[in-house]
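J.: got a sequence here, can you model it:
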Amino acid sequence: MTLLRQPIVYIISAPSGSGKSTLVNEILKAISGLDFSISYTTRPARGSERNGKQYHFVTRDEFDRMVEAEEFLEHAEFDGNCYGTARRFLTEAQRKGTDLLLDIDVQGAAQIHQKVPDAVSIFVLPPDKKTLEWRLRKRGENNEDDIRRRLETASREIEEYERYKYVLVNDQLEKSIERFEAIVLSERLRREGRTLSEQERAIVERAERLRLANLKDKVQPILASFRTLAPSAQP
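T.: Model (predicted):
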């Protein structure tokens, strides 16, 4: 009997507006054998969102039924709405021999680590508070109360960065995509347990520079920029 390959589970978390969704979309195009878990939510669809594309939209009763049946790897409630990652995505990845990328918040990441201790966690940070505020305003869909609330939430979430294995400061998109790709590929290379080529060693070294322990000094000014929480008058 052939043993099924255990998928590498990658967790990516970030404050709203940090560019996480763009990074996820780009990495899924760049790297093969990487599945993406589409979360379930009880919130209504917004704008052009489609069921099964951005989220699986379900009723609160259906969500509660899934919780009761232990169908979620993790689930949490935020701003009156529920969000969860279905366990079936991990089972499907194992069956197909692929890895799995989860886009979840810090609460969900903690739950995943309890069930998948060797999950690879990545925290995406904006360069500073001012940049994050500008990105939120650029969306054109957030009023001042929404922006203030998201910045306050971001100030709490970024304090959790030390729980993650890697930290990715999303300052320039192209470079951030390259860094994200290096993390994913290096973790695969590490688990293959073979002698690496010179090019492969360079990938591992690039990812190593993104480990939490090697980026703490760079993160401190970002944390300091969030000490003033009120949105500025100009982006």
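
J.: for the rest of this, base every contact and every neighbour count on C-alpha atoms.
T.: OK.

J.: assign Glu205 to helix, strand or coil.
T.: Counting by DSSP: H, G, I helix; E, B strand; the rest coil, the backbone at Glu205 sits in helix.

J.: next, the buried residues of the helix ranked longest in the chain.
T.: If you go by DSSP state H, the chain has its longest helix at helix 173-192. By 16 or more other Cα atoms under 10 Å, the buried positions in helix 173-192 come out as 176-184, 186-187, 189.

J.: now that helix, how far from the chain's geometric center?
T.: 14 Å (Cα atoms, centre = their mean, to the nearest Å).

J.: state the mean pLDDT of it.
T.: What helix 173-192 shows for mean pLDDT is 96.

J.: got the contact list for it?
T.: 8, 10, 23, 26-27, 30-31, 120, 168-170, 196, 200, 203-204, 206-207, 210 (Cα atoms under 8 Å, 6 or more residues apart in numbering).

J.: show me how to select, in ChimeraX, the buried members of those residues.
T.: Of those, the buried ones go into a single ChimeraX selection, burial set by 16+ other Cα under 10 Å:
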select :8,10,23,26,27,120,168,169,170,200,203,204,206,207,210
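
J.: take the contacts of helix 173-192 and keep only those in helices.
T.: 23, 26-27, 30, 200, 203-204, 206-207.

J.: nearest to Ala110, of the residues you listed?
T.: If you rank those by distance to Ala110 using Cα to Cα, Leu23 comes first, at 21.4 Å.

J.: look up how far Val167 lies from the closest one.
T.: 14 Å (Cα to Cα, to the nearest Å).
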